[in-house]
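>>> Model the structure of this input:
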Amino acid sequence: MTALSGIPAIHPGDDVAAILAEALDATGLTPRDGDVLVVTHKILSKAEDRYRNLDDVTPSARALELAAATGKDAALVEVILSESREVLRSRRELIITEHRSGVVMANAGVDRSNVPGGPQRVLLLPEDPDASSAALRKKLRARFGVDIAVVVSDSAGRAWRNGVVGLALGAAGLPALEDLRGRKDLEGRPLEVTQVGLADAIASAAELLMGEADEGRPAVLVRGVQWRGPPVMAAALIRERQQDLFR
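The predicted structure is shown next:
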C-alpha cells in the first residue's frame, strides 16, 4: 500500500480523476492491472458539492424532538434525517441511522471534520457511491490503460466493538462481496456460509495510511490483492433487512 502525495484541497467541480492521476505520477506510481485505488469519500463529496449550510436549514418537529433528546444542533439533526431512511438508535450526542443508500452508520455520514467553511458547513456522503466509483474507474482506466479497481471509503464504528475502521461505501472493478461458498477448506470440507467483505477489508487496510485527523492522505494505491469472480458493487455488502437480526 502506498499513500499518494501532493493531493490539493478539493473544490466543487474539480476533476478528481485528473487530480489523482497527477498524484500517482508525483508519487512515482504507474498503475498496473489488478491495482486498487482507495479514495476517501470526502474528496468525491467535495467535488460533487455535497455541502449543506446549517444556517439555511429549518428543523422539523421531529428534528427538534431528537435534538432535545441527543443534545445535537437541531439543524444538523434535520440534515441527518433528510439523508436517512430510518433512525435506528439514539442517545446523548449520538444518532445511528440507516442512510438512504442502506448503510447503517452514525449521523447518516453527515460530517464536519476536515470540512472548510466554518462549523455551520457540513458534508454529506456522495449521492451514489457505487456510481461515483464506477465513473472514477472509467476515467482512470482511460488515462492509464490498465484495469484498475476503485474503492470509495469512509470510517465507521461497528456493533459490539469500540473504534472506527475503514468501510467501503462504493466499489467498482472488483467483487466487493466475494462468495466463497462451495470452495473447500484445508480439510476438504466445502464452505457453506463464508462470504468475504473484500472491499471493506481493503478500505480498512488503506485506513492505516489515510489516518483520521490531519494526515492529509485521502488516497492509497493497493497492490497485490487477488480475487475470484466478477465485479460486485459495494451495495452487495448491505445485509437485507429480513436477515438483520439486530434491529
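>>> So which other helices or strands are in contact with the helix or strand hosting residue 122?
Using DSSP states H and E, residue 122 sits within strand 121-123. For strand 121-123, the elements it packs on are helix 41-47, strand 51-53, judged by 3 or more CB pairs under 8 Å, 6 or more residues apart in numbering; DSSP states H and E. C-betas here are computed from N, CA, C, even on glycine.
>>> Quick one: mean pLDDT over the first one.
This means helix 41-47. Averaging pLDDT along helix 41-47 yields 96.
>>> what's the spacing between residue 38 and residue 130?
15 Å (CB to CB, to the nearest Å).
>>> out of the two, which sits in the more crowded spot?
Remark: of residue 38 and residue 130, residue 38 carries more neighbours, 29 against 22, as counted by other CB atoms under 10 Å.
>>> So that one versus residue 210, what's the distance?
8 Å.
>>> care to break the protein down by domain?
Using automatic domain parsing, the domain parsing of the chain gives 2-50+125-243, 52-123.
>>> Give me the neighbour count for residue 88.
14.
>>> Tell me the helix or strand right after the strand ranked longest in the chain.
Counting residues, the longest strand in the chain under DSSP state E turns out to be strand 161-172. Remark: after strand 161-172, the chain's next helix or strand is strand 178-179, criterion DSSP H and E.
>>> packing partners for that next one?
Short answer (3+ CB pairs under 8 Å, 6+ apart): strand 178-179 packs on strand 195-196.
>>> So what touches the strand it packs on?
Outside of strand 195-196, the residues that reach it under the criterion CB atoms under 8 Å, 6 or more residues apart in numbering are 177-181.
>>> Leaving out chain neighbours, which residue sits closest to residue 170?
Counting by CB to CB, 6 or more residues apart in numbering, residue 129 is the residue found nearest to residue 170 once chain neighbours are left out, at 3.0 Å.
>>> That neighbour contacts residue 169, correct?
Yes - between residue 129 and residue 169 there is a contact at 3.9 Å, judged by CB atoms under 8 Å.
>>> more neighbours, the two?
Shown here are residue 129 and residue 169; by other CB under 10 Å, residue 169 has more neighbours (31 against 28).
>>> on that earlier part again, mind checking the helices and strands packed on strand 121-123 for the one nearest to residue 245?
helix 41-47 (27.9 Å; CB to CB).
>>> Roughly how far does residue 143 sit from residue 232?
24 Å.
>>> Show me which of these two is the more surrounded one.
Taking other CB under 10 Å, residue 143 and residue 232 do not tie; residue 232 has more neighbours (20 against 15).
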